[in-house]
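# this one's sequence-less:
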């Protein structure tokens, strides 16, 4: 849904955010990653049914619509109502159906459309762009950027689950350590977990800057001085993955849902931004009875795109085709 997901060594630090929430008159600032490659690899043609599981600001979907024409149908999903309001400005039409929710709800959505349209409950193409957008990063009230002051929320939709601040304040240190280790690949998780947990239970971690302060006070000074990335980068990634249950959604889609809803010979494209996501995609696409990989290696942004959009540099695009008869 976006073009950037901070976290591992190949991912840029969060950049300073903008001036707060967007209103209905503002346009998205998000740049879709590898747009030309995505459209080319999906092998789009008129009349296809396409699912964009991560609508974001609508950059990919707009080009998909041009390729499938009025005879095709686009189903788009996003958990973030702010992003839907931005995308609706450029992704619209009688053949467009936008749903506020996770892409893992696609089976139910397809069944409803099948009943009303007579089409099979299948899609011909599917895209997942697993980063988050510059527009989300620029929203101070969401807490995605640790370089600006804002509530420590980190949810794609504030109507789901609990905020990162609430989760930290009610979670045992051992669970915080596990999340920092598994989702952030944080080398100082054993130090940071108890320090963050204690501060959160004392009510001392309510904002992004509160959490950054605890991280800076806990990691070794030499690390803070010499790190190429701010030590909070991995912590924010881990918490964002946790509160949004991101990896569960990805795994469920790749291993259970996509094989059911993608038509035989249908194509799936997935853009990842850190090693945890990419590992899930790589493992799923290696199931030879379900998928045929269409590229030997992941496709990456061109040097020209990286210069124009530095946040794209950690992106990887993997493509696979649904094997017929399974």
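Perfect, I can see it now. Everything numeric in this text was worked out from a predicted model, so none of it was measured.

# residue contacts, residue 194?
173, 176, 177 (CB atoms under 8 Å, 6 or more residues apart in numbering). From N, CA and C alone the C-beta is placed, and that goes for glycine too.

# neighbour-wise, which of these leads?
Counting neighbours by other CB atoms under 10 Å, residue 176 comes out on top of the contacts of residue 194 with 24 neighbours.

# hang on, the earlier thing: how about the contacts of residue 194 in CSV, adding pLDDT?
Formatted as CSV, the contacts of residue 194 follow (pLDDT from 0 to 100):
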residue, pLDDT
173, 98
176, 98
177, 98
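
# go through the residues you listed and name the one nearest residue 93.
The nearest member of these to residue 93, counting by CB to CB, is residue 176 at 45.6 Å.

# so that closest one sits in a strand?
No. Judged by DSSP: H, G, I helix; E, B strand; the rest coil, residue 176 forms no part of a strand; its state is helix.

# a markdown table for the contacts of residue 194, including distance to residue 130?
Below are these laid out as a markdown table (distance: CB to CB, whole Å):
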| residue | distance to residue 130 |
| --- | --- |
| 173 | 29 |
| 176 | 24 |
| 177 | 25 |
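
# how about the strand or helix carrying residue 40: buried residues?
Applying DSSP states H and E as the criterion places residue 40 in helix 35-41. By neighbour count with 16 or more other CB atoms under 10 Å, helix 35-41 contains the buried residues 37, 38, 39, 41.

# and the third one, what pLDDT?
So the one you mean is residue 39. Per-residue confidence for residue 39 comes out at a pLDDT of 96.

# disregarding flanking residues, what is the spatial nearest neighbour of it?
Leaving aside its sequence neighbours, residue 39 sits nearest to residue 63 (CB to CB, 6 or more residues apart in numbering; 5.2 Å).

# SS state for that neighbour?
Quick answer, by three-state DSSP: residue 63 is helix.

# mean confidence for whichever strand or helix holds residue 239?
Using DSSP H and E, residue 239 sits within helix 232-244. Per-residue pLDDT over helix 232-244 has a mean of 93.

# for the helix or strand following it, buried residues please.
Next helix or strand after helix 232-244 toward the C-terminus (DSSP H and E): helix 246-252. For helix 246-252, the neighbour count (16+ other CB under 10 Å) marks 246, 247, 249, 250, 251 as buried.

# ditto for stretch 270-283
Neighbour counts over stretch 270-283 (16+ other CB under 10 Å) mark 270, 271, 272, 273, 274, 275, 276, 277, 278, 280, 281, 282 as buried.

# leaving out chain neighbours, which residue sits closest to the third one?
Beyond its immediate neighbours in the sequence, the residue positioned closest to residue 272 (CB to CB, 6+ apart) is residue 278, lying 4.2 Å away.

# quick one on the thing from earlier: residue 167: which of the contacts of residue 194 is nearest?
residue 176 (8.8 Å).
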